[in-house]
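> got a sequence here, can you build the structure:
(chains A and B)
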Amino acid sequence: MNRKDFISLAGMGMGGALLSGIPVFGSPVPPGKPLETVDTALKKQLADIALNAARSKGASYTDVRLGRYRNQFIITREDKVLNTVDTESYGIGIRVIAGGCWGFAATDRLDHDGIAQAAQLAVAIAKENARVQSEPVHLAPQKGYGEVNWKSPILKNGFDVPIKEKAELLLAVNAEAMRTGASFVDSALFLVNEQKYFASSDGSYIDQDIHRIWPTFTVTKIDSKTGKFETRDALSAPMGMGFEYLIPDERKKIKTVTTLYRDRYDMLEDARLAGAEAGQKQSAKSVEPGKYDLVLDPTNLWLTIHESAGHPSELDRVLGYEANFAGTSFLTLDKWRSGKFNYGSKLVNIAADKTQPGSLGAAGYDDEGVGTKEWDIIRDGVLVNYQTIRDQAQILGLNESQGCCYSQSWADVQFQRMPNISLRPGKTPLAPSDLIKNVEKGIYIIGNGSYSIDQQRYNFQFSGQLFYEIKNGKIAGMLKDVAYQANTQEFWNSCAAICDEHDYRLGGSFFDGKGQPMQISAVSHGSATTRFNGINVINTARKI
Amino acid sequence: MAILTQDEARTLLQKVLSFSKADECEIRISGRNGGNIRYARNSVSTSGQISSMQLAVSSAFGKKKGTSTINEYDEASLVKVVRRSEDLARLAPENPEYMPFVGPQSYQPAAKTYVPATADIDAKLRADLTQQSLKVAKDANVTAAGYLEDTTSFSAILNSHGLFAYTTGTEVNFSVTLRTDDGTGSGYTSKGYNDVSLLDVQKATQTAAWKASRSVAAHALEPGKYTVILEPAAGIVLVENLYGSLDARSADEGRNFLSLPGGKTRLGEKLVDEQVNIYSDPWHEQLPTRNFDGEGLPQEKRMWIEKGVVKNLFYSRYWAQKKGVQPVPYPDGFIMSGGNMSLEDMIKGTEKGILVTRLWYIRSVDPQTLLYTGLTRDGTFYIENGVIKFPIKNFRFNESPIIMLNNLEQLGRPERVVSGEGGGIALIPPMKIRDFTFTSLSDAV
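Next up is the predicted model:
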């Protein structure tokens, strides 16, 4: 399904600002349908058909992913439920090495012949391509795990909550925003469930059940006299959690100029604040361009981490595998080998982690049967490692993969995807208010907005949702038309203070795009509020 | 199995409809066979093939609608999918914006969207084409990363009001990036067609190789306003954000760049330079597309911007009814008219300027002014006295297609291009534009 089909399916039409740019995959099935799971014994039986068929045709390695991918969307605006959509996609993807080359085939025909033919096709493709291959695929060793399983540790399955209850929550959210001044409000709830079964010729049979949730909205305020409009998006995060994320908890709130949320989200309160803040943005002062010390809340910083730390440390980009689309990376191997490339200031410690509870990337095993783990990418400001998978691990001298292989569905081939990449919190006690009071001329930025970065991850430009001017240690009022532009290495070297673990929160995306054909992946990025000194801020106001 | 003929599709959908007990029922089916090959570091990285088909049934009782899908085609499954959609419709909330399914339509004959030679592409041809591209890279002493994807698809709609529509199509898309081994030069080309016989992988790769070799040792220019020539692959990613936003409802609601105070819009007003003509035509020889939209409404040739004036906006069926106008479906492809001048002649006629061959990571900065940011990539060159003088380092821009198309100086010969950002297809001419706003330098190659 492409973006246009999705927007049509969701009933948003071209005016669906909330969902623009969001690709979603799957086909619609009825809301309220019970969550169907497939018996593990049957999955093993189907997987073995593929493993045996590929081996008999000459595959030296085979892995099989039998997947049922479920999504549920509830889309509303103001007092209307525009659409409730359940999508489901069920099928098998078979990847082989034959003649030293990869081949892949996928089918939704899940009878014996359908599976065996797909396995044979994968082998035939691999053999055909082997004549164009310059060197054979080299896989890092991976011991088979036998029959194992892993489940997201959710407390309440969002698919079990009646559609009516979820729709009523969104309508109540919309009413709150309208009550506090919104002209329009679009809201949505997205639920994801990946039931995936992995089997390989290494002897692994891995059954996983993964859940994700994302409640979100966009509030629009129009000034009818000037015709100007402003928007304020939700300050929620997509999470690797169940419906418990939507149960508010006062102890998980952080009160600053607005309310921020950690692990639990109060959607009604956020909508109430958004309605008012969209109005305040109308009369905010347009920013004076220049250098500012930036205080970035985790709701803003997660995206900057994603683009400027997450993507450039993907080893496949470094090596050139993404040169034709997503790009390459400035974090070249010589910089890593030197052991002293100063990516950032000494405060900067960035870690990869596929095990972090509640995160979007959390799983027990990756999509090529490797157990997940945690490791450092940047330590005390220095580049020390990358993210990689089985067929590239040897380039780093590793004797095992780091478990970063993922595919968006059974129908797409798995490849290297970003694990959760997070900025470790500061070790010295520091709250956002302490951080702000030391800033002479700065801007406090909350929420993520416009984002863009070059194909090697040097030059970036980010915006946000809420901007507050800091003058002599005090919040001096709201600003608008703000975007910050920087060079990645200069930006992270300007990192001057990081709040402590009490302020640490996850942000993230359901829709990180990479690869050809492009696939999406969900990934979280944690941080505490962080200060960066002397960053270039531009004014984005124009007249047409 | 994945590709049904028109008769096979009609027979299957009529059978499904015969099980319906709803006030209204609509059934859609679609299927595709797809293959791809991806290469990097002068070698194949991944390659695969997928086949799938799905059926969706929508049932409605009054303003309550439910949709259910299935990918099994025995009679029991087909009855089950119809019953599920009806159960769901009974449980669904009433949608005040619900529109009944459309009635029977008459369509102009379909354009030639299906080409047998493209449908016949197999693993061997994909490997052969990849080999051709890799040979060019090897001969030019550069490293190739490329992607070839072919798709054969069909879709059909049938409903209880008598609507039936069927389409089938083929596509092949190719793109390649060549880089010098020291990482100081990079060049890109992309091509997309319905007919694989039009695809010249060797020539496309040679163009990318030229850009890669010529982009080594780039000079740094100061950011600022420059005259630029945007190649079609660069122009589409900005212009598509203009025609993609021509939406009546958001304009009427006051939250679109076309909105004016007091609920008015710029429909009928001159928005950009009078050289700008943007239209859609499903029967255009170079850009054949479906003759109906996703709801079964007929597509027709339609002007969207004529001599710089906004002539049409997209109207959903609901919004059209509310406003008392005819619905205007969104087309599958856009055409921006140009002239007969080649890109080379446009360069010859330029005293000072910048040739931009690709733009990347385009994101909205301000929807009120349609301001976008992004960067140049894979070959950016300085032009002086009609010739390409030297390569330059990449720039970040902050620019609105509205401002850009008001600063339009010249249009060249349109080419079929696939957007490197959204994947949409269009015919776009090379454009010469004055005062294009570059805001910072990038070290990326």
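
> dump the longest helix seen in chain A to CSV, restricted to CA.
Ranked by residue count under DSSP state H, the longest helix found in chain A is helix A:112-130. Output for helix A:112-130, consisting of C-alpha atoms alone and laid out as CSV, is shown next (Å, rounded to 0.1, in the frame of the first residue of the first chain):
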residue,chain,number,x,y,z
HIS,A,112,3.0,-27.0,0.7
ASP,A,113,3.4,-26.2,-3.0
GLY,A,114,3.2,-22.4,-2.6
ILE,A,115,6.0,-22.5,0.0
ALA,A,116,8.2,-25.0,-1.8
GLN,A,117,7.9,-23.0,-5.0
ALA,A,118,8.9,-19.8,-3.3
ALA,A,119,11.9,-21.5,-1.7
GLN,A,120,12.9,-22.8,-5.1
LEU,A,121,12.5,-19.4,-6.7
ALA,A,122,14.7,-17.8,-4.1
VAL,A,123,17.4,-20.3,-4.9
ALA,A,124,17.0,-19.8,-8.6
ILE,A,125,17.3,-16.0,-8.2
ALA,A,126,20.4,-16.4,-6.0
LYS,A,127,22.1,-18.6,-8.6
GLU,A,128,21.2,-16.2,-11.4
ASN,A,129,22.7,-13.3,-9.5
ALA,A,130,25.8,-15.2,-8.5
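
> can you pull the domain assignment for chain A?
Residue ranges for the domains of chain A, per automatic domain parsing: A:3-168+A:184-214, A:286-539.

> the longest helix of chain A packs against which elements?
Identification of packing neighbours for helix A:112-130 by 3 or more C-beta pairs under 8 Å, 6 or more residues apart in numbering or on different chains; DSSP states H and E yields helix A:40-56, strand A:80-98, strand A:101-107, strand B:43-61, helix B:123-139. For the C-beta atoms, the positions are set from N, CA and C on the backbone; glycine is no exception.

> show me what the third one is packed against.
Going back to what we said before, that points to strand A:101-107. Judged by 3+ C-beta pairs under 8 Å, 6+ apart, strand A:101-107 is in contact with strand A:80-98, helix A:112-130, strand B:43-61.

> how distant is the second one from the center of its chain?
How far helix A:112-130 lies from its chain's middle: 32 Å, per C-alpha atoms, centre = their mean, to the nearest Å.

> contacts for the helix or strand of chain B with the lowest mean pLDDT, please.
Lowest mean confidence among the helices and strands of chain B (mean pLDDT, DSSP states H and E): strand B:64-70, at a mean of 83. Applying C-beta atoms under 8 Å, 6 or more residues apart in numbering or on different chains, the contact partners of strand B:64-70 are A:27-30, A:85, A:87-88, B:54-60, B:77-78, B:80-82, B:84-95, B:98.

> mind giving me the ChimeraX select for those residues, buried ones only?
Applied in ChimeraX, the following selects the buried portion of these according to 16 or more other C-beta atoms under 10 Å in any protein chain shown:
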select /A:27,28,29,30,85,87,88 /B:54,55,56,57,58,59,60,78,80,81,82,84,85,86,87,88,89,91,92,93,95
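
> near chain B, which residues of the stretch 101-250 of chain A show up?
Within the stretch 101-250 of chain A, the positions adjacent to chain B are A:101-109, A:121-122, A:124-126, A:128-129, A:131-135, A:163-164, A:167, A:183-184, A:220, A:222, A:224-229, A:231 by C-beta under 8 Å from any C-beta of the partner chain.

> change it to 6 Å
A:102, A:104-108, A:121, A:125, A:128-129, A:132-134, A:220, A:222, A:227, A:229 (C-beta under 6 Å from any C-beta of the partner chain).

> distance of the residue nearest to B:Gln6 when sequence neighbours are not counted relative to A:Gly240?
Using C-beta to C-beta, 6 or more residues apart in numbering or on different chains and skipping the chain neighbours, the partner closest in space to B:Gln6 is B:Tyr166 (4.4 Å). Taking C-beta to C-beta, to the nearest Å as the measure, B:Tyr166 falls 42 Å from A:Gly240.

> what about B:Asn394, distance to B:Val356?
Here B:Asn394 is placed at a distance of 10 Å from B:Val356 (C-beta to C-beta).

> what comes up buried for stretch B:136-149?
B:136-137, B:140, B:142-149.

> ditto for stretch A:463-481
A:463-470, A:475, A:478-481.

> get me the contact residues on the stretch 251-400 of chain B for chain A.
Proximity of the stretch 251-400 of chain B to chain A is assessed by C-beta under 6 Å from any C-beta, with B:254-255, B:259-261, B:294, B:314, B:316, B:360-361, B:363, B:365-366, B:369, B:371, B:373-375, B:377, B:396, B:400 identified as the residues in range.

> and the strands in the stretch 251-400 of chain A?
Along the stretch 251-400 of chain A, counting by DSSP state E, counting those that start in this stretch, strands occupy A:253-255, A:259-261, A:285-286, A:290-296, A:350-353, A:374-379, A:382-383.
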